[in-house]
Structure formats: structure tokens, C-alpha cells
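1. no FASTA, just this:
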Ligand SMILES: [Zn+2]
């Protein structure tokens with residue numbers, strides 16, 4: 001048993017959550033709050049241009065997230081992440097959510 005991690009919702013996540021039906025939003029945020037340290041390590045990274053982000057699935061939705069402890073240690077030199085803080089590593093940052101394949105188009109717009 002390991003403890004759950006606090007979840008930080010980035011502005012882009014909050015924006016993308018608005019396009020999700022209200023009835024699903026609560027389930028999604030509750031699900032995210034249940035992710036613990038063991039779970040987060042098992043969630044896979046994307047490949048290619050977004051390889052600093054992990055892809056997590058809830059039902060039909062795909063969520064792009066990162067774990068600050070890993071983001072900071074592995075990717076700090078490659079990407080300019082302005083969310084992770086070396087004094088606050090044990091948390092999850094959620095970046096975006098949508099149904100596939102809309103999510104990929106959105107991410108492309110946002111990060112390229
Ligand atoms: Zn980061």
C-alpha cells in the first residue's frame with residue numbers, strides 16, 4: 001500500500017475538462033485522486049515529441065499527465081517545465097484530457 005499523490009490541474013487541463021460532460025467530470029477527478037506512487041510508476045510514457053508525458057486512460061478518455069519527481073529528474077534539462085518544483089516532487093500534474101483522437105490534435109496545437 002502506498003499513499004495517493006496530490007493532483008495539480010494545469011490551466012490547460014481545466015480548460016480541456018470543460019469540454020467533458022459534467023456527469024463524467026467528477027468520476028474523472030476522483031479517479032485521478034486515487035493514483036498512488038506505485039500506480040504512477042506503472043503508467044507509460046508517450047513516445048516521440050511528448051515523451052515527457054504519461055498517458056493514462058479512464059474509460060474512453062485519455063489523460064496526459066506527469067509525475068514531478070520523474071519530470072524534474074529526467075526531463076528538466078530537455079523541456080522547460082515551469083510547473084515542477086524541486087521542493088514539491090511528490091505530486092501529479094494533469095495537462096490535458098479528451099477522447100481519442102481529439103487529444104492528440106489538441107496537444108499538437110498547444111505544444112508545437
Ligand atoms: Zn514538470
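-> Nice, thanks for sending it over. Computed from a prediction, not measured in an experiment: that's the story for all the values here.
2. on contacts alone, who are the packing partners of whatever helix or strand residue 23 lives in?
-> Element membership for residue 23, per DSSP states H and E: helix 22-33. Using 3 or more Cβ pairs under 8 Å, 6 or more residues apart in numbering; DSSP states H and E, the elements in contact with helix 22-33 are strand 7-9, strand 54-58, strand 61-67, strand 92-99. (Glycine included, C-beta is placed from N, CA and C.)
3. Partner strands of the third one, with direction?
-> As defined by DSSP bridges, the strand partners of strand 61-67 come to strand 54-58 (antiparallel), strand 92-99 (antiparallel).
4. Once you drop chain neighbours, what's closest to residue 34?
-> Counting by Cβ to Cβ, 6 or more residues apart in numbering, residue 34 lies nearest to residue 4, which is 5.9 Å off, once chain neighbours are set aside.
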